[in-house]
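Undergrad: The sequence and its predicted three-dimensional model are supplied below.
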Amino acid sequence: MFGKKRDGIWFAEQVQEMKSAMFYIAISILHSEWDAEDATANAILKAYENLDSLREPEKFRPWLLRILKNECCEYAKKNAKYVPQDKWELTEEFKPPNTDLWNAMKELGEKDRLAILLFYLEGYKIREIAEVLEEPVGTVKSRLSRTRKTLKELLK
């Protein structure tokens, strides 16, 4: 589809549709709005630079989110700063509609948070989540089931 010439318009449209998902995923890993913005921008740039390597355009979403996840992990290691979960702050622009749920999400592990965000907030299919997390489909199903139970307990 892309050949030697990158399709910048198609790329921009895809990224625009995924912008909020990318930000929430980045902040769930980095715990800082500013770091999340930097990592997201870097991931978008890396994805565009490597767009010719994407063989199947229908797998763009998981491909880009995998790049983002890896970028966030690299960013966190490079900056080696830890922000305690109770210090996660978001500006009004990015405040979640349900703060109790957001606070409960802080208690989850990184992969559990990502799976829940992708499945419920962004509507990703289990297969796509498995690609992003680089885990088998069965593991993702178990993760979602276990995490739903954990959230239910946390929200009591």
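TA: Yep, it's here.

Undergrad: Helix or strand for Thr150, just tell me which one.
TA: Using DSSP states H and E, Thr150 falls within helix 137-154.

Undergrad: Where does the residue nearest the centre of the chain sit: helix, strand or coil?
TA: When the chain is reduced to its mean C-alpha position, the nearest residue by C-alpha atoms, centre = their mean turns out to be Ile25, at 2.9 Å. When classified by DSSP: H, G, I helix; E, B strand; the rest coil, Ile25 comes out as helix.

Undergrad: Tell me the pLDDT of it.
TA: At Ile25, the model reports a pLDDT of 86.

Undergrad: wait, what's in contact with it?
TA: Contact analysis of Ile25 by C-beta atoms under 8 Å, 6 or more residues apart in numbering lists 65, 68-69, 72, 114, 117-118. From N, CA and C alone the C-beta is placed, and that goes for glycine too.

Undergrad: any chance you could map the strands in this protein?
TA: Using DSSP state E, no strands are found in the chain.

Undergrad: Poorly predicted segments of it, please.
TA: 1-6, 80-99 (pLDDT under 70).

Undergrad: what's the most distant pair in the contacts of Ile25?
TA: Using C-beta to C-beta, these span at most 14.0 Å, a distance reached by Cys72 and Leu118.

Undergrad: follow-up on the earlier one: how about the contacts of Ile25 in a markdown table, adding neighbour count and distance to Asp100?
TA: Shown next, in a markdown table, are the contacts of Ile25 (neighbours: other C-beta atoms under 10 Å; distance: C-beta to C-beta, whole Å):
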| residue | neighbour count | distance to Asp100 |
| --- | --- | --- |
| Leu65 | 25 | 26 |
| Leu68 | 26 | 26 |
| Lys69 | 21 | 26 |
| Cys72 | 26 | 25 |
| Leu114 | 23 | 20 |
| Leu117 | 19 | 16 |
| Leu118 | 25 | 20 |
